[in-house]
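[1] Generate a structure from the sequence data that follows.
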Amino acid sequence: MTFSHSSSDLRRQVATFGAIVGSIIVNTVSNIFPPNGLNVGTLSNTLLAPVQVTPANYAFSIWGLIYSGLVGYGIYQLQPSQQQNPRLRHGGYLLALACVAQCAWIYLFLARLFILSVVAMLGILVPLIWLYHRLEIGRERVSQLERWFIQIPISTYLSWISVATIVNIASTLYIRGWNGWGIAPTGWTVIMMIISAGIATTVFTQRHDLAYLLVTVWTLIAIAIRQIQTPPIAVAGVVLAIALILFSFSSKSKSAIQVH
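    The predicted model follows:
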């Protein structure tokens, strides 16, 4: 029985690490040798340029942080000492599934199969939400190593994908010629920004997850900068970002007072 469990754990560890590496390779290749000559960034800046909820180009540099965190996660969970970690066991193959879905998303999006790309994006988002829950992030006290190599990488990844899902859906609706039910694109953009900030606030309230909140702040500011010529969006982005930061400081201060 012990051998069977060890073998199963090893397969999970290797599959997770392999999926992380595979997603990085696919993303790199798609940027260097993009199908039809357009990578994700170029497509977003040309065909999808009118989609106002898209962040400024520099915001996508966060993928460097996300992938660094995921590599750290992959190496940490691959260690023999982590083979029987109950939280990692409970997480199962969920991260591997998210990474595979991300590979599918890249090529569906670049092939301009936007509706299918939304399905693939949900294939990233749902496993990450499930993994976030199973890892008990913000709910269970863990070592500093596990916090930095397991929890923070997943929080960062999930927060970015949460916003990316909104952008992906908005892009698909734009391509499909959706009329917005009579609401102007600027209005919908502000609504989506408020929803993103609301989700971050809820997560921070329930989990005290600063990593998740800061990624949302990063995104809101990037949207504001890209839409600097559109005052309602620019103002909304800055105000919401400041409000989230102040809220996090306020919550931390209250927690410190309660402890003392």
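[2] wait, isn't residue 75 in contact with residue 13?
    No. At 10.2 Å, residue 75 does not count as touching residue 13 under the criterion of C-beta atoms under 8 Å. The way it works is simple: take the backbone N, C-alpha and C, and place the C-beta from them, glycine included.
[3] Run the chain-centre distance for the helix or strand containing residue 190.
    Counting by DSSP states H and E, the element that carries residue 190 is helix 185-207. Centroid separation for helix 185-207 versus its chain: 14 Å, with C-alpha atoms, centre = their mean, to the nearest Å.
[4] Same question for stretch 172-180.
    23 Å.
[5] Touching stretch 58-72 from outside, list them.
    With contact meaning C-beta atoms under 8 Å, 6 or more residues apart in numbering, stretch 58-72 is reached by 20-21, 23-24, 27, 41, 95, 99, 148-149, 152-153, 156-157, 160, 215, 218-219, 222.
[6] all helices for the stretch 151-260 of the chain, in order.
    Here the stretch 151-260 of the chain has its helices, by DSSP state H, counting those that start in this stretch, at 152-175, 185-207, 210-226, 231-259.
[7] would you turn those into JSON lines with mean neighbour count and distance to residue 111?
    JSON lines is the format used below for the helices of the stretch 151-260 of the chain (neighbours: other C-beta atoms under 10 Å; distance: least, C-beta to C-beta, whole Å):
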{"stretch": "helix 152-175", "mean neighbour count": "22", "distance to residue 111": "13"}
{"stretch": "helix 185-207", "mean neighbour count": "18", "distance to residue 111": "25"}
{"stretch": "helix 210-226", "mean neighbour count": "22", "distance to residue 111": "25"}
{"stretch": "helix 231-259", "mean neighbour count": "14", "distance to residue 111": "30"}
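[8] Ok, which of the ones you listed comes nearest residue 55?
    Shortest distance between residue 55 and the helices of the stretch 151-260 of the chain, using C-beta to C-beta, is found for helix 210-226: 3.5 Å.
[9] which strands and helices sit next to whichever helix in the chain runs longest?
    Longest helix of the chain, by residue count under DSSP state H: helix 2-32. Helices and strands touching helix 2-32, by 3 or more C-beta pairs under 8 Å, 6 or more residues apart in numbering; DSSP states H and E, are helix 40-45, helix 62-78, helix 86-91, helix 94-110.
[10] Turn those helices into a markdown table, including mean neighbour count and distance to residue 244.
    Listed next are the helices and strands packed on helix 2-32 as a markdown table, based on neighbours: other C-beta under 10 Å; distance: least, C-beta to C-beta, whole Å:
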| stretch | mean neighbour count | distance to residue 244 |
| --- | --- | --- |
| helix 40-45 | 16 | 24 |
| helix 62-78 | 18 | 16 |
| helix 86-91 | 16 | 27 |
| helix 94-110 | 22 | 25 |
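[11] Of all the ones you listed, which one is nearest residue 241?
    From the helices and strands packed on helix 2-32, taking C-beta to C-beta, the stretch that ends up closest is helix 62-78, at 14.8 Å.
[12] Quick one: distance of the closest one to the chain centre.
    Between the centre of helix 62-78 and the centre of its chain there are 13 Å (C-alpha atoms, centre = their mean).
[13] do stretch 97-108 as well
    How far stretch 97-108 lies from its chain's middle: 13 Å, per C-alpha atoms, centre = their mean.
[14] what does that stretch contact?
    Stretch 97-108 has contacts (C-beta under 8 Å, 6+ apart) with 19-20, 22-23, 26-27, 30, 35, 40, 70, 114, 116-117, 120-121, 123-124, 127-128, 131, 157, 161.
[15] I am finished for the moment; much appreciated.
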